[in-house]
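Asker: sequence and predicted structure below; questions after.
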Amino acid sequence: MNESVTVSSFENGLIHQICYHEKLPHLAKKKDHVFITDQNVFSLVEALIPQERTIILEPGEKKKTLSCVKKIYHKFLQLSVDRSWTAIGLGGGVVGDLTGFVASTYMRGINFILIPTTLLSQTDASIGGKNGVDFNGFKNTIGTFAQPKSVLLDFRFLNTLPQEEILSGAAEIIKHALIASPALFSNVEKMWHQIMDLDKKVLNEIVFESIRIKSSIVKKDAKEKNERRKLNFGHTLGHALEMTQGLSHGKAVGAGMAFAARMSAKKGMLSKKESTRIINFLQKTNLNPPLSASCRSLFKTIKKDKKSEKENIHFVFLKSIGESEVKQISFTQLKEDIYDLCKS
């Protein structure tokens, strides 16, 4: 596969489809490029990138901390990395978040390139310039907005992933469809099995349409003052479920989207027919598991959410499949809705 034409753009970032077997050796030849990856991905590309300029992290969300950032800074100093260098994040969302955060803060900012290797990072995490680390158990509490120089995609990385990881990426595609594209949602419904089977032709169509939706929203509102808040659809409850119930990102966000659909219908914004269609599809795809976390722990976690302002929180509702709206609701109202959910 040769490098394609640009499929989308946002600020200075370009998204290309590549063959990693060809592209990585090309990037590795550049002496002012430093790679950041994790042990799992490194085992796949060890022969293609220089070990002396590669920082290898332990995999997993638990490493997305300031302590890990500090270790990367130390390694940069050992390599004499300066502002002329480029950092390359090769991995999933955790590697991408760390690479973007380190690159955007080291010496007040150096260029970085992302090569996402999971469906979740290809469709969502690598797109849009959000970079951050978790703090005191809360996701992405500390972070920056900084765009990568480019994002390079190769779907062949996905062949190494378990189905649960593919499901997490697919959940974000569903999210983009529900907030902005009824046509994409219909296609996901029709092509679900091909997506999960990693059919390359279907992925090209579905993933790049998902990217187009996200990048178009980001271009309108890079720093999440208004329009970009729509990308948090399903994530208010979703992030809380990840932290309190230990669900995968996909299942947590899926449950969050089902909850948001119910709330949208309850407020008369979304028709009962469309709400039922959404919830049934999420259940059919195993993206709406039963909740086992306590109402109290869920609400306590949501109160610490970045989307909160004083006694209110920005919540994403659906007006129809493909049309969304952000409204402030009180924590009192949200608490009632969460307790109703726990009882159901």
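Answerer: Done, it's in.

Asker: show me where the chain has its strands.
Answerer: Secondary structure of the chain (DSSP state E): strands at 8-10, 13-17, 33-38, 54-57, 86-91, 111-116, 130-135, 138-145, 150-153, 308-309, 312-320, 323-330.

Asker: between these, which one is closest to residue 262.
Answerer: Nearest to residue 262, of all these, is strand 312-320, at 10.3 Å by CB to CB. For every residue, glycine as well, the C-beta is placed using N, CA and C.

Asker: report the buried residues of that closest one.
Answerer: 312, 313, 314, 315, 316, 317, 318 (16 or more other CB atoms under 10 Å).

Asker: okay but the first one is in contact with residue 332, surely?
Answerer: It refers to residue 312. No: the pair residue 312 and residue 332 does not pass the contact test of CB atoms under 8 Å, sitting 9.6 Å apart.

Asker: which residue ranges make up the domains of the chain?
Answerer: Domain ranges of the chain: 8-160, 163-343, per automatic domain parsing.

Asker: and the closest residue to residue 342 other than its chain neighbours, what is it in contact with?
Answerer: Excluding the flanking residues, the one nearest residue 342 by CB to CB, 6 or more residues apart in numbering is residue 295, at 4.2 Å. Taking CB atoms under 8 Å, 6 or more residues apart in numbering as the criterion, residue 295 is in contact with 338, 339, 341, 342.

Asker: rank these by pLDDT and give me only the lowest.
Answerer: Between the contacts of residue 295, the one the model trusts least by pLDDT is residue 342, at 77.

Asker: distance of that residue from residue 237?
Answerer: Distance, residue 342 to residue 237, by CB to CB, to the nearest Å: 11 Å.

Asker: repeat for residue 139
Answerer: On the measure of CB to CB, residue 139 and residue 237 end up 13 Å apart.

Asker: who has more neighbours, the two?
Answerer: Set residue 139 next to residue 237 and count neighbours by other CB atoms under 10 Å: residue 237 wins out with 29 against 22.

Asker: could I get the contacting residues of that one?
Answerer: Per CB under 8 Å, 6+ apart, neighbours of residue 237: 252, 255, 256, 259, 260, 298, 302, 338.

Asker: pLDDT wise, what is it at?
Answerer: pLDDT at residue 237 comes out at 91.

Asker: pretty sure residue 68 sits against residue 133.
Answerer: Yes: when contacts are counted by CB under 8 Å, residue 68 is listed as touching residue 133 (7.5 Å).

Asker: list residues touching both of residue 342 and residue 237?
Answerer: Common neighbours of residue 342 and residue 237 (CB under 8 Å, 6+ apart) are residue 298.

Asker: coming back round to it: joint contacts of residue 68 and residue 133?
Answerer: If you check residue 68 and residue 133 against CB under 8 Å, 6+ apart, the residues they both contact are residue 98.

Asker: the spatially most central residue of the chain: what's it in contact with?
Answerer: Against the mean C-alpha coordinate of the chain, by CA atoms, centre = their mean, the closest residue is residue 125 at 3.1 Å. By CB under 8 Å, 6+ apart, the residues touching residue 125 are 92, 93, 96, 97, 116.

Asker: repeat that for 7 Å
Answerer: The neighbourhood of residue 125, defined by CB atoms under 7 Å, 6 or more residues apart in numbering, consists of 93, 96, 97, 116.
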